[in-house]
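[1] show me the folded form of this:
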Amino acid sequence: MPAYDLVPMERYRERGLPVWMETKRGCPYRCRFCAVNAPSTYGKARFRSPVRCVDEIEHVVQAYGITSFVILDDTFNLAPRQAQAFCEEIIRRRLSVTWHIDTRADLLNPEILRLMSCAGCTDVMIDVEVGSEDGLAAVQKDVNLGQLVRAFEMVHEAGLRPT
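    Here you go, the predicted model:
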């Protein structure tokens, strides 16, 4: 558990700011522009226990009255079972929180989006980076424009805000 007692948490609460947290580090993708997958930074992906992540959220809610969170993971749903377990744990504990994520278009599906919405997710940042097929190929993003468009449609259909 991070040392929240060393942070002026009252400022977050007073200003209505979200608390930032990670459920994993690293990324296995090889996008040319990104430093996250470089060995000198994070290298491969490492996952935290979904239960421990929700323990952290619950602690912040109970100790500081803060209910808004930003999940800083580069790709929240990189491991679908992890993402599902995280959402199910929030629902099981009946935590009334809001949170948003960052992810890749090719990893979204209607089922996980509906579950995320039920668990309090409000915003989904879809990593677009480039708006042309040539540009996407040049940065080795390994997604296409059709996947990007469909991802935005699915996020809308799930009642979430795409960014």
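[2] all contacts plus neighbour counts: C-alpha atoms, from now on.
    OK.
[3] need the longest helix for the chain.
    Criterion DSSP state H: the longest helix present in the chain is helix 50-64.
[4] pLDDT (mean, whole number) over the next helix or strand after that helix?
    Downstream of helix 50-64, the next assigned helix or strand under DSSP states H and E is strand 68-71. The pLDDT scores in strand 68-71 average 97.
[5] pairing partners for strand 68-71, with directions?
    Paired neighbours of strand 68-71 in the sheet (DSSP bridges): strand 19-21 (parallel), strand 98-103 (parallel).
[6] and that strand, how far out from the chain's middle?
    Mean-position distance between strand 68-71 and its chain equals 8 Å (Cα atoms, centre = their mean, to the nearest Å).
[7] then it to PDB, C-alphas only?
    Only the C-alpha atoms of strand 68-71 are listed here, as PDB (Å, rounded to 0.1, in the frame of the first residue of the first chain):
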ATOM      1  CA  SER A  68     -12.400   9.300  -7.900                       C
ATOM      2  CA  PHE A  69      -9.400   7.400  -9.400                       C
ATOM      3  CA  VAL A  70      -7.300   7.400 -12.500                       C
ATOM      4  CA  ILE A  71      -5.800   4.100 -13.500                       C
END
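[8] remind me which residues of this structure are low pLDDT?
    Residues of the chain that meet the criterion pLDDT under 70 lie in 35-43.
[9] helices along that one, start to end?
    With helices called from DSSP H, the chain shows them at 9-15, 50-64, 80-92, 110-118, 133-138, 145-157.
[10] dump the strands paired with strand 68-71 into TSV; add mean neighbour count as well.
    Below are those laid out as TSV (neighbours: other Cα atoms under 10 Å):
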stretch	mean neighbour count
strand 19-21	16
strand 98-103	20
